[in-house]
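Peer 1: Turn this into a structure:
(4 chains)
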Number of protein chains: 2
Amino acid sequence: MPTKPTKKKPQVSAAAPARRRELLDTAAEVFAEQGYNATTVRKIADHAGMLAGSLYYHFDSKESMLEEILRTFLDELWGGYDAVLGAELDPRETLEALVTESFREIDRHRAAVAIYQKESKQLVAQERFAFLAESQRRFEKAWLSTLERGVAAEVFRADLDVRLTYRFVRDTVWVAASWYRPGGQHSPEEIARQYLSMVLDGIAVRE
Amino acid sequence: MPTKPTKKKPQVSAAAPARRRELLDTAAEVFAEQGYNATTVRKIADHAGMLAGSLYYHFDSKESMLEEILRTFLDELWGGYDAVLGAELDPRETLEALVTESFREIDRHRAAVAIYQKESKQLVAQERFAFLAESQRRFEKAWLSTLERGVAAEVFRADLDVRLTYRFVRDTVWVAASWYRPGGQHSPEEIARQYLSMVLDGIAVRE
DNA sequence: GTCCTTCCCTAACAAGTGTTTGGTAGGTTA
DNA sequence: TAACCTACCAAACACTTGTTAGGGAAGGAC
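Peer 2: Now for the predicted structure:
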């Protein structure tokens, strides 16, 4: 067995992820609250109880913190989504599972979702954040195909514009991150249930 | 008739509003596209074909531009809303009229709506933008009372959480400003019609 | 012509920005 | 004990930020 050939590079390797995660969590919360551009590294350091320069022992740059926050979130999100999409459920069950899974992700990654919601549109232009565009494409494909399958199977109405419906559903789900608070009155599952009831059956009383 | 007692103050008075409006429109579009904090006064000046300092002949500050953009939008918005609310329509008609009016406002003030959507949460904390908080209260009151009237009149379902429903409806309507493009495939009225159909009757096929 | 207003430019300012460099207290290893 | 690594601090760097002060060209009023 040869001697260790490489020195540890704390800013790059996945070693000692504990403190790193901690700092990313606080950074994410400040980003979500104040907005990425309005957040200075000094504010992040304040919330973490250290000085601005010390952050650069753990991270290359402010931007790389943002990237890691979003990447981590999207990785977990697609873990859940792929499980749903691979389960071969019927269209209605798929939609219900996707919505429920989404609210669960909001519960777990509230800050990251809020950041994604606010900043992704501007970030996508940078090649560093090109992975956001790919995620959006997969996202759209998953939802649109589910809706179209439902229309074909005559469980969803055919007179609604599928693309418009997709946008409405998508936005309403994710924008919930702006008002949702973990530990509040409603659990993610309860919110999903109410939301699905509204979208599927409408709020009007049937005559 | 006495001689003119006061000199004109171009930065304050409502005189010569033509160029002022023009500049505010371009500023609003840059704010909406890049975000308020990420937008520098130099970028605004670029889009307007002038230099950064020249903006200060027309406006006191970058912040006052933002304030005027939002105030102008909210004034027009409430003009439309008050007309609807004062018409003494029944709950369902009121909801339909409010939604339709909202999409019309998005059509007319797309940039301002996008800015409001992105920045209002952080701005409300400043006392300069306290009018945003008051608008939000009126907004919530108008929508909640409409929904509650509908539940009382048994035209809206009683088993849905009114507050949750309000949030979903509110968010979906306004977040449309992020993807809506004037002159696109759908008119504001068409989008409102589709949206109302979804929210009122649901997307599921009735058996 | 002269005066005055409008509208913009040039050039700079102070404050705040992300980031880097060198150093150091404290624990771990040899 | 000596060497070393980890995680941070202190102080500065170059740059960008919103904003200001003074000036000047164009054009209408007199």
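Peer 1: quick one, helices of chain A?
Peer 2: A:17-34, A:41-48, A:55-58, A:62-85, A:91-108, A:110-123, A:130-152, A:162-175, A:188-201 (DSSP state H).
Peer 1: Contacts only, for residue A:125.
Peer 2: Listed by Cβ atoms under 8 Å, 6 or more residues apart in numbering or on different chains, the contact set of residue A:125 is empty. All C-beta atoms are positioned from the backbone trio N, CA, C, and that covers glycine.
Peer 1: With DNA strand D as the reference, name the closest of the helices of chain A.
Peer 2: helix A:55-58 (4.0 Å; Cβ to the nearest atom of the strand).
Peer 1: and the closest residue to DNA strand C within chain A, how many neighbours?
Peer 2: Evaluated by Cβ to the nearest atom of the strand, chain A has residue A:53 as its residue closest to DNA strand C, separated by 2.7 Å. By other Cβ atoms under 10 Å in any protein chain shown, the residues close to residue A:53 number 10.
Peer 1: Kindly report the same for the one 10 residues further on.
Peer 2: Residue A:63: 14 surrounding residues under other Cβ under 10 Å.
Peer 1: Quick check: it touching residue A:128?
Peer 2: Yes - using Cβ atoms under 8 Å, residue A:63 makes contact with residue A:128 at a distance of 7.1 Å.
Peer 1: quick revisit: in TSV: the helices of chain A, plus mean pLDDT and distance to chain B.
Peer 2: Below are those laid out as TSV (pLDDT from 0 to 100; distance: least, Cβ to the nearest Cβ, whole Å):
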stretch	mean pLDDT	distance to chain B
helix A:17-34	93	6
helix A:41-48	96	13
helix A:55-58	94	20
helix A:62-85	97	13
helix A:91-108	96	7
helix A:110-123	94	6
helix A:130-152	96	8
helix A:162-175	92	4
helix A:188-201	95	4
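Peer 1: In TSV: those helices, plus distance to residue B:177.
Peer 2: Converted to TSV, those look like this (distance: least, Cβ to Cβ, whole Å):
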stretch	distance to residue B:177
helix A:17-34	21
helix A:41-48	29
helix A:55-58	35
helix A:62-85	23
helix A:91-108	21
helix A:110-123	12
helix A:130-152	18
helix A:162-175	10
helix A:188-201	21
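Peer 1: will you turn those into a markdown table that also has distance to DNA strand C?
Peer 2: Shown next, in a markdown table, are those (distance: least, Cβ to the nearest atom of the strand, whole Å):
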| stretch | distance to DNA strand C |
| --- | --- |
| helix A:17-34 | 10 |
| helix A:41-48 | 4 |
| helix A:55-58 | 4 |
| helix A:62-85 | 4 |
| helix A:91-108 | 26 |
| helix A:110-123 | 14 |
| helix A:130-152 | 19 |
| helix A:162-175 | 25 |
| helix A:188-201 | 32 |
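Peer 1: Now for the residue nearest to the spatial centre of chain A: which residues touch it?
Peer 2: Nearest to the mean C-alpha position of chain A, by Cα atoms, centre = their mean, lies residue A:113 at 4.2 Å. Residues in contact with residue A:113 (Cβ under 8 Å, 6+ apart) are A:73, A:105-106, A:174, A:177.
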